[in-house]
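Enquirer: structure here, sequence nowhere to be found:
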């Protein structure tokens, strides 16, 4: 059971990272990742949606006929996203003002329907919850990295406007590297594609290196 | 009675839709009043941002008229002091932005000068067009105490006017400047209908 959980977490964060390996959810990923704070906001909301949708799909999996599973998943995800939006609008008004424009984008994230199809509809509730959480955190991690990359290159800052998400005390979190306007390309949509390409290349390079050191050490032991 | 598989599938989809719609409408009704209250409080806050509380003494949020002129609907809050009109706070939207409607709150003094402008709602590109929010950039303050007599210079610099555009985003500020200008002209022409 324990090694099973570790496997789920590893898959979500690294081996099957939804953004870097499965390449799912690129629409919100590319659209919103121009600053760290925007990325983090969307990451949190996406993780919440993934957890809730996995929970619902997993607990209802006995009632979902295979022929009609896709419309049912869409129905459940759209319902979850709408409910999250309404609740935030009512009780977290300030947060809603910031994340409001990102919330409907989550419906377009194929990673959520992907996890419902591949994992939640075939597994028990607890592993599904863990899977949603790990996938969400993995997705947020890629988002924040890409957001950081684009923010540094285009405006020379990191954590700008952190107070939108973390309140007034976060106003001085901003780190400024240079004051002149940077590479505008990084802020525009092509910058998102280029940045994502570089991130994927970096991940693959890290994995290759890991593999080669493994084979080297095993050779030594032979 | 045994149902055929398609009928069973249809029944399930119907059942699921019913439950999800039920859930969403339950949450909608549970949050409706709270959301309306939030919006009302946000409106009060916004009204105070464009017009100082001391400059009027009526119940501004509840003293409004709606006027539709050439397809554009303006909701106008009327500020009065000792029953004399002092200013109008006009809500208006423009569709000339980069992405969807931008709604604005424009306070105009009775002499026609702009008092202040704020953006209420927009879906402009984060990081580029969203510099129209005061939270992200002080740009919108360039409308503060803007005298009417220079109205022909109310345009972004690229169009030969006085207002800065943003790096990578000219369309958004242009939409706002043009809408403020149109609203100021509207106020000039229809002041007698408002008060």
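Expert: That came through fine. Owing to the predicted nature of the structure, the values given are computational and were not obtained by experimental measurement. Numbers count the residues shown, from 1 in each chain, chains lettered A, B, ... in the order given.

Enquirer: and the closest residue to residue B:5 other than its chain neighbours, how far from residue A:128?
Expert: Residue nearest to residue B:5 in three dimensions, not counting chain neighbours: residue A:67, with 7.5 Å by C-beta to C-beta, 6 or more residues apart in numbering or on different chains. Placement of C-beta: from N, CA and C, glycine included. Look at residue A:67 and residue A:128: by C-beta to C-beta, to the nearest Å, they are 22 Å apart.

Enquirer: these two: which has the busier surroundings?
Expert: Neighbour tally, residue A:67 and residue A:128, criterion other C-beta atoms under 10 Å in any protein chain shown: the higher count belongs to residue A:128, 27 against 12.

Enquirer: wait, the more buried one touches residue A:53, no?
Expert: No. In terms of C-beta atoms under 8 Å, residue A:128 does not count as a neighbour of residue A:53; the distance is 9.5 Å.

Enquirer: what do the two both touch?
Expert: Contact criterion C-beta atoms under 8 Å, 6 or more residues apart in numbering or on different chains; residues shared by residue A:128 and residue A:53: residue A:120.

Enquirer: what about residue B:93, neighbour count?
Expert: Residue B:93: 18 surrounding residues under other C-beta under 10 Å.

Enquirer: isn't it right up against residue B:103?
Expert: Yes. Between residue B:93 and residue B:103 there is a contact at 4.5 Å, judged by C-beta under 8 Å.

Enquirer: confirm that residue A:133 sits in a strand.
Expert: No. Residue A:133 is assigned helix when assessed by DSSP: H, G, I helix; E, B strand; the rest coil, not a strand.

Enquirer: how near is the closest residue to it other than its chain neighbours to chain B?
Expert: Nearest non-adjacent residue to residue A:133, counting by C-beta to C-beta, 6+ apart: residue A:51, 5.6 Å away. Distance from residue A:51 to chain B, counting by C-beta to the nearest C-beta, to the nearest Å: 17 Å.

Enquirer: mind listing what residue A:51 touches?
Expert: So residue A:51 contacts A:129, A:132-133, A:136 (C-beta under 8 Å, 6+ apart).

Enquirer: and the residues you listed, which is closest to residue A:79?
Expert: Within the contacts of residue A:51, proximity to residue A:79 (C-beta to C-beta) peaks at residue A:132, which comes in at 15.7 Å.

Enquirer: which phi and psi does the closest residue to the closest one other than its chain neighbours have?
Expert: What sits nearest to residue A:132 in space, not counting adjacent residues and going by C-beta to C-beta, 6+ apart, is residue A:54, at 3.6 Å. Backbone geometry at residue A:54, expressed as degrees, to the nearest 10, gives phi -60, psi -40.

Enquirer: got the residues of chain B near chain A?
Expert: B:5, B:8-9, B:12-13, B:16-17, B:20-21, B:23-24, B:27-28, B:30-31, B:34-35, B:38, B:42, B:123, B:126-128, B:135-136, B:167-168 (C-beta under 8 Å from any C-beta of the partner chain).

Enquirer: could you flag which of the residues you listed are buried?
Expert: For the residues of chain B next to chain A, a neighbour count by 16 or more other C-beta atoms under 10 Å in any protein chain shown gives the buried set as B:9, B:12, B:16, B:20, B:23-24, B:27, B:31, B:35, B:38, B:126-128, B:136, B:168.

Enquirer: number of nearby residues for residue B:178?
Expert: 17.

Enquirer: sorry, slip of the keys, the one I care about is residue B:50.
Expert: Residue B:50: 22 neighbours (other C-beta under 10 Å).

Enquirer: and for the residue nearest to residue A:132, the neighbour number?
Expert: Residues within reach of residue A:54, counting by other C-beta under 10 Å, total 29.

Enquirer: in contact with it, which residues?
Expert: By C-beta under 8 Å, 6+ apart, residue A:54 lies in contact with A:115-116, A:119-120, A:128-129, A:131-132.

Enquirer: and those, which two are furthest apart?
Expert: Greatest spacing in the contacts of residue A:54, by C-beta to C-beta: A:116 and A:129 (12.9 Å).

Enquirer: residue B:101 against residue B:94, yeah?
Expert: Yes. Contact status for residue B:101 versus residue B:94: in contact at 6.9 Å, counting by C-beta under 8 Å.

Enquirer: doesn't the residue nearest to residue A:133 fall inside a helix?
Expert: Yes. When three-state DSSP is applied, residue A:51 is found to be in a helix.

Enquirer: so how far is residue A:33 from it?
Expert: Going from residue A:51 to residue A:33 by C-beta to C-beta gives 21 Å.

Enquirer: scan chain A for its longest helix.
Expert: helix A:189-221 (DSSP state H).

Enquirer: mind checking how far that helix is from the chain centre?
Expert: 20 Å (C-alpha atoms, centre = their mean, to the nearest Å).

Enquirer: dump the residue contacts of residue A:48.
Expert: A:84, A:136.

Enquirer: list the buried ones in the strand or helix carrying it?
Expert: In this structure, residue A:48 sits in helix A:36-59 according to DSSP states H and E. Neighbour counts over helix A:36-59 (16+ other C-beta under 10 Å) mark A:36-58 as buried.

Enquirer: what do you get for stretch A:153-173?
Expert: Using 16+ other C-beta under 10 Å as the test for burial, stretch A:153-173 gives A:153-165, A:173.

Enquirer: ok, stretch A:199-211 next?
Expert: Neighbour count says stretch A:199-211 has A:199-200, A:203 buried, by 16+ other C-beta under 10 Å.

Enquirer: show me which of these neighbour chain B.
Expert: Restricting the buried residues of stretch A:199-211 to those near chain B - C-beta under 8 Å from any C-beta - leaves none.

Enquirer: quick one: which of these is nearest residue B:108?
Expert: Nearest to residue B:108 among these: residue A:199, at 49.3 Å, using C-beta to C-beta.

Enquirer: the closest one and residue A:177, how far apart?
Expert: Residue A:199 is 19 Å from residue A:177, by C-beta to C-beta.

Enquirer: would you map the helices across the chain?
Expert: Picking chain A for this. Along chain A, the stretches classed as helices by DSSP H are A:2-10, A:26-32, A:36-59, A:69-91, A:93-99, A:110-115, A:125-155, A:163-166, A:184-187, A:189-221.

Enquirer: try again with chain B
Expert: In chain B, the helices defined using DSSP H lie at B:5-50, B:171-194.
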